[in-house]
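# Sequence first, then the predicted structure, then my questions.
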Amino acid sequence: MQLQPPRGTRDFFPDDMRLRSWIFAHWREVARLFAFEEYDAPVLESEEIYIRKAGEEITAQLYSFEDKGGRRVALRPEMTPSLARMVLQKGRSLALPIRWFSIPQCWRYERMTRGRKREHYQWNMDLFGVADVTAEAELLAAIATLFERLGLTPADVGIRVSSRKVLQGVMDDLGVPAERFAEACVLVDKLDKLPRETLVADLAALGLEPEQIERLLDTLSIKDLEQLAASVGEDDPAVVELRRLFRLVSDYGFGEWLCFDASIVRGLAYYTGVVFEAFDRGATLRAICGGGRYDHLLSTFGGKDIPACGFGFGDVVLVELLGDKGLLPELPPCVDDIVFAFAEELRPAACQVATKLRAAGRRVDLMLESKKVKAAFKHADRVGGRRMVLLAPDEWARGKVRVKNLETGAERDLSLEELLRAD
Ligand code: HAM
């Protein structure tokens, strides 16, 4: 039997799990600081919620199958369609705006590269009901807050920001039909990943003339807002919106993390406005997180649109990044008390002591087998025990236990009350 998990998926042994829990705790804490509430949904969804026709990678990478009842289902590749479904389900009873977050496991049959696997955990923060870029600013502030908490600086990572309205403006000028817009975004997202000729050929297949393609690619190469304003005009909606967003993020004190980059469009069809992605300045990793505004997703599900924006932030690339920067924490196993009975007759007493310590909130490893005391110390060492609580006949007869602090080596006899209070 194959002992490894399926290719691209991970087992989480306790050592790995401590790291995963540490990351989740940071994600949850930042979400709490921004007053986001947690939600969840099933990992298995109807396939149809992921069927979009813009040629996105995510659709081609779907883990989908027919269940025993003949229904087409899929493992979620992302959380946004589930969230949209839940928002529509609540309908008018939902008091807007909502600030919701989740940490789903997502599945994509992806070509594996550094930081990309076939399953990953993805921190999502989404806001529904705010049409203004104040919402995007709040999300960008949350991302920067997380980076700071993890010890990262703007010298390590940055967040590239643009708006699909930049591309929209150029396409409108060029007379490209609106229904080709999502497809064009998905193509342009591959700018860095594909040879230029391939992209040019794909854009030509969308119906663009060579000069139009040149104009499009020229605009996409703009890397500062002044230049964009000079190119498309100061009162262009994208310029107005982006200027306001950059000002707001500076007001939060996070301006240093942002840079404008017109080539950012993101590869998901549903984004409609501001889009962003965090990147490592060493340029060795793929996007650390990505998100944007998607004001029209609900109507594609047959509902009434509500303005929305959000981001997804994966665990895999984050671990790679923190490893590169020497910022991964040491998280040894840790137990407060090892409780050990010298003789089997003292097991009832040991159980009683363990229960009292646990009721006091201490992590207790009660030795379950009759072993020599040497084995108990070896065990304590392995599991990161901080105190050894020994039950010996004479001491117990006097209502005491022997306690050894395993960090200092100090030993003393304590009553049960003293034991609960002492460190
Ligand atoms: P996405 O850009 O497809 O967006 O993914 C967001 C993040 O998830 C990526 O930047 C990366 O950190 C992580 N990620 C994606 N695929 C993989 C993979 N195969 N292996 C490891 N990590 C991965 C979305 O999924 C949108 N639904 C995000 C969103 C939420 N937009 C609005 N709200």
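Ah, there it is.
# okay, CA-based contacts and neighbour counts for the rest of this
Noted.
# And the most centrally placed residue in the chain, how close does it get to A35?
Of all residues in the chain, the one closest to the mean position by CA atoms, centre = their mean is W123, 2.7 Å from it. Using CA to CA, to the nearest Å, one gets 15 Å for the distance from W123 to A35.
# re the thing from before, show me what the residue nearest to the centre of the chain is bridged to.
Following DSSP bridges, W123 is listed with bridge partners F313.
# Now for it: which residues touch it?
Going by CA atoms under 8 Å, 6 or more residues apart in numbering, W123 touches 27, 101-104, 311-315.
# These in strands, which ones?
101-102, 311-314 (DSSP state E).
# for the residues you listed, which one is nearest I58?
G312 (13.7 Å; CA to CA).
# now the closest one, nearest residue through space, not along the chain?
Leaving aside its sequence neighbours, G312 sits nearest to N124 (CA to CA, 6 or more residues apart in numbering; 4.5 Å).
# and the stretch 151-300 of the chain, which residues reach the ligand?
Taking CA under 6 Å from any ligand atom, the part of the stretch 151-300 of the chain that reaches the ligand is made up of 287-292.
# hmm, back to that, among the ones in strands among the contacts of W123, which ones lie close to the ligand?
The subset of the ones in strands among the contacts of W123 within reach of the ligand, by CA under 6 Å from any ligand atom, is 311-314.
# and I222, helix, strand or coil?
coil (DSSP: H, G, I helix; E, B strand; the rest coil).
# per-residue confidence at it?
pLDDT, I222: 96.
# just the one 4 residues further on next, same as before
Per-residue pLDDT puts E226 at 96.
# With the one 10 residues further on instead?
Listed pLDDT for D236 reads 94.
# For this structure, which helix extends over the most residues?
When the chain is parsed with DSSP state H, its longest helix is helix 14-33.
# The helix or strand following it near the ligand anywhere?
Using DSSP states H and E, the helix or strand that directly follows helix 14-33 along the chain is strand 37-38. No. Using CA under 6 Å from any ligand atom, strand 37-38 never reaches the ligand; the gap is at least 13.9 Å.
# what lines up beside strand 37-38 in the sheet?
Here, using DSSP bridges, strand 37-38 pairs with strand 98-102 (parallel).
# Name the next helix or strand downstream of the partner strand, please.
Taking DSSP H and E, what comes next after strand 98-102 is strand 105-107.
# Touching that next one from outside, list them.
For strand 105-107, the external contacting residues (CA under 8 Å, 6+ apart) are 43, 62-63, 75-79, 118-122.
# ditto for stretch 284-293
114-115, 136, 266, 271-280, 307-314, 317-318, 321.
# one more time with 6 Å, if that's ok
Stretch 284-293 has contacts (CA atoms under 6 Å, 6 or more residues apart in numbering) with 271-279, 308-313, 317.
# Go through it and flag the buried ones.
Neighbour counts using 16 or more other CA atoms under 10 Å place 285, 287-293 of stretch 284-293 among the buried residues.
# Now do the contacts for Y271.
With contact taken as CA under 6 Å, 6+ apart, Y271 is in contact with 293-294.
# which SS state does it fall under?
Classified using three-state DSSP, Y271 is coil.
# before we move on, back to that, next, check the contacts of strand 105-107 against the strands and list the overlap.
If you go by DSSP E, these have 63, 75, 119-122 in strands.
# Would you mind putting the residues you listed into CSV with neighbour count and pLDDT alongside?
Shown next, in CSV, are those (neighbours: other CA atoms under 10 Å; pLDDT from 0 to 100):
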residue, neighbour count, pLDDT
Y63, 17, 98
L75, 20, 98
E119, 21, 98
H120, 24, 98
Y121, 19, 98
Q122, 23, 98
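# Quick check: buried residues in stretch 83-93?
Within stretch 83-93, the residues scored as buried using 16+ other CA under 10 Å are 83-85, 87-88.
# Can that stretch be said to contact the ligand?
No. Applying CA under 6 Å from any ligand atom, one finds stretch 83-93 separated from the ligand by no less than 8.8 Å.
# Quick check: the gap between the spatially closest residue to L297 that is not a sequence neighbour and C106.
Spatial nearest neighbour of L297, chain neighbours left out: Y270 (6.0 Å); criterion: CA to CA, 6+ apart. Distance, Y270 to C106, by CA to CA: 18 Å.
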